[in-house]
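S.K.: this is a predicted model, with the sequence first.
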Amino acid sequence: MRGFKVIHWAPPHQPHPDSGAEPDLAIWISVAKIEASWVRDINSYIAPGGVGGVENRYEKFGIWLMSSFTPVEPVTISIDQDSDGIVFTDGRHRFAWLRDHGATAIQAQVPSCYAEDVARRFGTEDRITLITI
């Protein structure tokens, strides 16, 4: 019998207060919208099942997630200025695994300078991440 698991998100990592950098923001994003943009990035895209990923990071994330009660670090994304598409700076294996296990909305960490654009183009009204287990 299949069930569901709710994913709980850790707060975004923030720059050191003395750095003067703007804080990153947590934004709820649509997995389908991100996927539609990311699939065009042939250099970093991870296909279903972890194809194109690095070593066994995809599998390791799934094993960790199924046995952990620790909140998940949000993926970090921004807009690629050259392609105008999405770019992952951290978490593409997490995203791919969650996508492949039925997540339709996830939290992402976004630099504040991209937050409005990311929310407008890739945001969702959903505020829960469910996966099929």
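M.R.: Perfect, thanks for sending it. Quick caveat: nothing in here was measured; it's all calculated off a predicted structure. Numbering: from 1, shown residues only.
S.K.: helices of the protein, residue ranges please.
M.R.: All helices of the chain, identified by DSSP state H, fall at 31-38, 57-67, 92-100, 112-122.
S.K.: dump those helices to CSV, plus mean pLDDT and distance to K5.
M.R.: Placement of C-beta: from N, CA and C, glycine included. Below are the helices of the chain laid out as CSV (pLDDT from 0 to 100; distance: least, Cβ to Cβ, whole Å):
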stretch, mean pLDDT, distance to K5
helix 31-38, 97, 15
helix 57-67, 96, 8
helix 92-100, 98, 11
helix 112-122, 95, 23
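S.K.: quick one: A47 and D100, what's the gap?
M.R.: 9 Å (Cβ to Cβ, to the nearest Å).
S.K.: give me the neighbour count for R99.
M.R.: Residues near R99, counting by other Cβ atoms under 10 Å, number 19.
S.K.: please apply the same query to the one 3 residues further on.
M.R.: Applying other Cβ under 10 Å, we find 15 other residues in the vicinity of G102.
S.K.: now E22
M.R.: 12.
S.K.: can you pull the contacts of the residue nearest to it when sequence neighbours are not counted?
M.R.: Counting by Cβ to Cβ, 6 or more residues apart in numbering, S112 is the residue found nearest to E22 once chain neighbours are left out, at 4.2 Å. Residues near S112 by Cβ atoms under 8 Å, 6 or more residues apart in numbering: 22-25.
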